[in-house]
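K.L.:
from the sequence below, what's the structure:
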Amino acid sequence: MTDSTFTIPDDLSFESAIALTQSVLAAIEEEKISEAELRQAVSRLVASQAGARGFLSPF
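P.N.:
Residues are numbered from 1 along each chain as shown. Just a heads-up that it's a prediction; the model follows:
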């Protein structure tokens, strides 16, 4: 992948963060995300309180 598949909005809700996290995890399992894209997606997800909560919920 060269273009980020995961667009993380600035006004990310808790529910959206959970859904995006699940999509990121699926992309990892399917080897459809690069390490750079993963770092970018996780950084954007955890940049807000709702995003961080949603990111950690699936774990």
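K.L.:
longest helix anywhere in this structure?
P.N.:
Identified as the longest helix of the chain according to DSSP state H is helix 14-29.
K.L.:
tell me the mean pLDDT over that helix?
P.N.:
For helix 14-29, the mean per-residue pLDDT is 95.
K.L.:
try stretch 35-49
P.N.:
The average of the pLDDT scores along stretch 35-49 is 94.
K.L.:
so which bits of it are buried?
P.N.:
Within stretch 35-49, the residues that count as buried by 16 or more other CB atoms under 10 Å are 37, 38, 41, 42, 44, 45, 46, 48. Quick note: C-beta positions are derived from backbone N, CA and C, even for glycine.
K.L.:
tell me which of those residues is nearest to residue 56?
P.N.:
residue 46 (8.4 Å; CB to CB).
K.L.:
got the buried residues for stretch 26-34?
P.N.:
For stretch 26-34, by 16+ other CB under 10 Å, it's 27, 33.
K.L.:
which element, helix or strand, includes the residue nearest to residue 18 when sequence neighbours are not counted?
P.N.:
Leaving out its chain neighbours, the residue that sits closest to residue 18 by CB to CB, 6 or more residues apart in numbering is residue 54, at 4.4 Å. Using DSSP states H and E, residue 54 maps to helix 49-56.
K.L.:
that helix - contacts with which helices or strands?
P.N.:
helix 14-29, helix 35-45 (3 or more CB pairs under 8 Å, 6 or more residues apart in numbering; DSSP states H and E).
K.L.:
shouldn't residue 37 be in contact with residue 7?
P.N.:
No - look at residue 37 against residue 7 with CB atoms under 8 Å: they stay out of range, at 11.5 Å.
K.L.:
quick check: neighbours shared by these two?
P.N.:
Counting by CB atoms under 8 Å, 6 or more residues apart in numbering, residue 37 and residue 7 have no common neighbour.
K.L.:
burial of residue 19, as a residue count?
P.N.:
Burial measure for residue 19: 12 neighbouring residues, criterion other CB atoms under 10 Å.
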